[in-house]
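I'll drop the sequence and a predicted model, then ask my questions.
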Amino acid sequence: METSPFPKSFQFGVSTAAFQIEGSLEQDGRGPSIWDEFAQIPGKIVDGSFPSVSCNHYADWEEDIRRLQDLEVDAYRFSLAWPRILPEGTGQPNSKGIAFYDRLIDRLLEAGIKPWVTLYHWDLPLALHHSGCGWHNPGIVPAFTEYCDLCFRTYGDRVRDWITFNEPWCTAVLGYGTGYFAPGIRDREACYLAGHHQLIAHGKVSRLYRDGFKSTQNGRIGMANNCDYRHPASGAPADQEAAQRALEFFLGWFADPLYLGDYPESMRDTLGPLLPKFTEQERSEIQGSCDFFALNHYTTNLAAAPKGMIGTNFASGNGGFMEDLGVDLSNDPSWENTHRDWRIVPWGLTRLLEWIDRRYGHPEIFITENGFSISGDNPEDLINDPDRIRYTLAYLNAASDAINSGVDLRGYFHWCLADDFDWANGYSCRFGLYHTDGETGSKRIKRSGKWYAEYIRQHHNSAK
Ligand code: BG6
């Protein structure tokens, strides 16, 4: 048997998020979230769907743990629904919502599966948003801290791996900049404020955890940032610069303050006063606040300099993040395509991991999301999914290439356990290792699910 390319301690897992899989949105005292409201506005969700059932995980959680066991994963990354725990966002906790995650965590541990808990995966309690307290408002920081404190006190005796935010870039740009995601705000200033407050909240919560819980609970804390690789469109210096600039705007926006203490210079130069400043206290809480680097990664684009823009200050008179970035993103037509123009470029993952390793001083890295979506309605076609197997194997090989080149990669979580509600894409993008019938929530393992279980089994039997 060939030796596994991954070390023995390497963690294989799958990821999910509460709003995407739970269903039962009105059950047991859960409060509404911004997505409950947003997804019901006509035209916001591509296929007009709404996740009242979705994967029916709130009811079917025990079976889902059996499914995780069938996949043979070491770890399961899921998110807590803030509005199930605190229906109004702050104040009175909801005992039934709290008990749900208690049971889930206990059963996972009994099943030998490590719970990786995301505190915020986009389902902001609607009451907070309506009171004006969204991510663009500093009032969100104490509210989030109160919620996290309750989570650490309640679950921290059993949870070792905490992620404060899932993809703060998406919340900032898509939620507050373009309005493509909930809460649907289109405002350039709100976009950068939303990013800023997530960083401040992360710093405070990390400090809270380290000062108040870490010594007894022995866990660790990080933030999951999304970044697809940006490869220079040519060898020309302007395109090389454009690719670097794009990585700084997509990933450095959040990772630089966490690891280097401030926003990238390229962003400060371009955005001027639009990019808020951290106080000394905030900076000291944010810098060094991650115990591991969590990366969500799906694809790669080419980056090129639009003529005449690089090096100039084009902050005024434009409409948002992409204009501020000022880089042309495109695809190489020779790269294999998928139904949504997300190209399959495994070496982009290797390059990105190497970039992170160099820029942030060799951190411990976990890939907390990577996956492949298919569209269509015929269950048999969706279940028989050789392309997902090919994609996943290629990206796992690319991950092992990064380890061979010295990157400290510790784990890989596939997105997603089962076909779920894919935000603005509704059910038109299916990422699961299990097929889900969106009406009943019933599930069937896909060919890729069986393959992933076999891959993990082989790793467990042959790891060094
Ligand atoms: C990430 C999110 O953006 O990727 C997931 O963390 C999401 O929640 C997944 O479902 C797929 O992306 P998209 O763009 O299809 O929603």
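Good, I have the coordinates.

Spatially central residue in this structure, please.
For the chain, Asn166 is the residue whose C-alpha lies nearest the centre (CA atoms, centre = their mean; 3.9 Å).

for the closest residue to it other than its chain neighbours, phi and psi?
Counting by CB to CB, 6 or more residues apart in numbering, Asn166 lies nearest to His121, which is 4.2 Å off, once chain neighbours are set aside. Using the backbone N, CA and C atoms, a C-beta is placed for each residue, glycine as well. Main-chain torsions, His121, degrees, to the nearest 10: phi -120, psi 60.

how about His121, what does it touch?
Shown in contact with His121 (CB atoms under 8 Å, 6 or more residues apart in numbering): Ala17, Ala18, Phe19, Gln20, Ser79, Asn166.

repeat that with 6 Å
If you count contacts by CB atoms under 6 Å, 6 or more residues apart in numbering, His121 has them with Ala17, Ser79, Asn166.

isn't the second one right up against Ser15?
Looking back up the chat, that one is Ser79. No - using CB atoms under 6 Å, Ser79 makes no contact with Ser15, being 8.9 Å away.

returning to what we had before: against the ligand, how distant is the residue nearest to Asn166?
The spacing between His121 and the ligand, counted by CB to the nearest ligand atom, to the nearest Å, is 6 Å.

ditto for Phe321
16 Å.

Report how many residues lie close to that residue.
Close neighbours of Phe321, defined as other CB atoms under 10 Å, add up to 21.

What are the phi and psi values at the nearest residue to it once chain neighbours are set aside?
For Phe321, ignoring the flanking residues on the chain, the nearest one in space by CB to CB, 6+ apart is Val173 at 4.8 Å. Main-chain dihedrals, Val173, degrees, to the nearest 10: phi -70, psi -50.

Which residues does the helix of greatest length in the chain contact?
Longest helix of the chain, by residue count under DSSP state H: helix 188-212. With CB under 6 Å, 6+ apart as the test, helix 188-212 has contacts from 135-136, 140-141, 144-145, 148, 152, 164-165, 168, 171-173, 176-177, 221, 223, 257, 274-276, 282, 285-286, 289, 320.

What residues does the stretch 101-250 of the chain have near the ligand?
Asn166, Glu167, Cys170, Asn226 (CB under 6 Å from any ligand atom).

Give me the subset of the residues you listed that lies in strands.
Using DSSP state E, the members of those that fall in strands are Asn166, Asn226.

Let's have the residues of the stretch 101-250 of the chain next to the ligand in a markdown table, adding pLDDT.
Listed next are those as a markdown table, based on pLDDT from 0 to 100:
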| residue | pLDDT |
| --- | --- |
| Asn166 | 99 |
| Glu167 | 98 |
| Cys170 | 98 |
| Asn226 | 98 |
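
Against the ligand, how distant is the residue nearest to Phe321?
As judged by CB to the nearest ligand atom, Val173 and the ligand stand 11 Å apart.

ok, that residue touching Gly320?
No - using CB under 6 Å, Val173 is not in contact with Gly320; the gap is 7.7 Å.

who's more crowded, the two?
Remark: of Val173 and Gly320, Val173 carries more neighbours, 24 against 15, as counted by other CB under 10 Å.

Which residues outside whichever strand or helix holds Glu323 are in contact with it?
Per DSSP states H and E, Glu323 falls inside helix 321-325. Under the contact criterion CB under 6 Å, 6+ apart, helix 321-325 has outside partners Val173, Gly177, Phe249, Thr270.

Average pLDDT for that helix, rounded please.
Taken as a whole, helix 321-325 has a mean pLDDT of 93.

how about that helix as CSV, C-alpha atoms only?
Extracted in CSV, the C-alpha atoms of helix 321-325 (Å, rounded to 0.1, in the frame of the first residue of the first chain):
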residue,chain,number,x,y,z
PHE,A,321,-15.0,46.9,-4.1
MET,A,322,-14.3,45.7,-7.7
GLU,A,323,-13.7,49.3,-8.9
ASP,A,324,-11.5,50.0,-5.9
LEU,A,325,-9.6,46.8,-6.6
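
For the next helix or strand after the longest helix of the chain, name the packing helices and strands.
Tracing the chain C-terminally past helix 188-212 and defining elements by DSSP H and E, one meets helix 214-217 next. Here helix 214-217 touches no other helix or strand, going by 3 or more CB pairs under 6 Å, 6 or more residues apart in numbering; DSSP states H and E.

Okay, buried residues for helix 214-217 please.
Buried residues in helix 214-217, counting neighbours by 16 or more other CB atoms under 10 Å, are found at Lys214, Gln217.

What of stretch 165-174?
Residues Phe165, Asn166, Glu167, Pro168, Trp169, Cys170, Thr171, Ala172, Val173, Leu174 are the ones in stretch 165-174 that count as buried (16+ other CB under 10 Å).

Next, report how far that stretch is displaced from the centre of its chain.
Here stretch 165-174 is found 8 Å from its chain centre; the criterion is CA atoms, centre = their mean, to the nearest Å.

Tell me which stretches of the stretch 1-150 of the chain form strands.
For the stretch 1-150 of the chain, the strands defined by DSSP state E, counting those that start in this stretch occupy 11-15, 75-79, 114-120.

and of these, who's closest to Ile85?
Proximity to Ile85 (CB to CB) singles out strand 114-120 among the strands of the stretch 1-150 of the chain, at 9.9 Å.

quick one, what contacts Gln11?
Shown in contact with Gln11 (CB under 6 Å, 6+ apart): Asp74, Ala75, Gly411.

tell me which element the residue lying closest to it once chain neighbours are set aside is part of?
If the residues on either side of it in the chain are set aside, Gln11 comes closest to Gly411, at 3.6 Å by CB to CB, 6+ apart. Element membership of Gly411 [criterion: DSSP H and E] is strand 409-415.

Kindly report the same for Glu454.
Here Glu454 sits within helix 447-462, counting by DSSP H and E.

List the contacts of that helix.
Contact partners of helix 447-462, identified using CB under 6 Å, 6+ apart, comprise 1, 3-4, 6, 12, 71-72, 384-385, 388-389, 433-434.

same question, stretch 73-88
Stretch 73-88 is contacted from outside by 11-18, 29-31, 33, 68, 93-94, 97-98, 101, 113-114, 116, 118, 121, 123, 125, 127, 147, 368, 413, using CB under 6 Å, 6+ apart.

Filter these down to the buried ones and express that as a ChimeraX selection.
Command for ChimeraX that selects the buried part of the contacts of stretch 73-88, burial taken from 16+ other CB under 10 Å:
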select :11,12,13,14,15,16,17,18,30,31,33,68,93,94,97,98,101,113,114,116,118,121,123,125,127,147,368,413
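
What's the local residue count around the residue lying closest to Phe250 once chain neighbours are set aside?
In this structure, Phe250 finds its nearest non-sequential neighbour in Cys227, 5.0 Å apart by CB to CB, 6+ apart. With neighbours defined by other CB under 10 Å, the count for Cys227 comes to 23.

can I assume Cys227 is in contact with Leu251?
Yes - using CB under 6 Å, Cys227 makes contact with Leu251 at a distance of 3.9 Å.

For Gly23, grab the count of nearby residues.
As a burial measure, Gly23 scores 21 neighbours (other CB under 10 Å).
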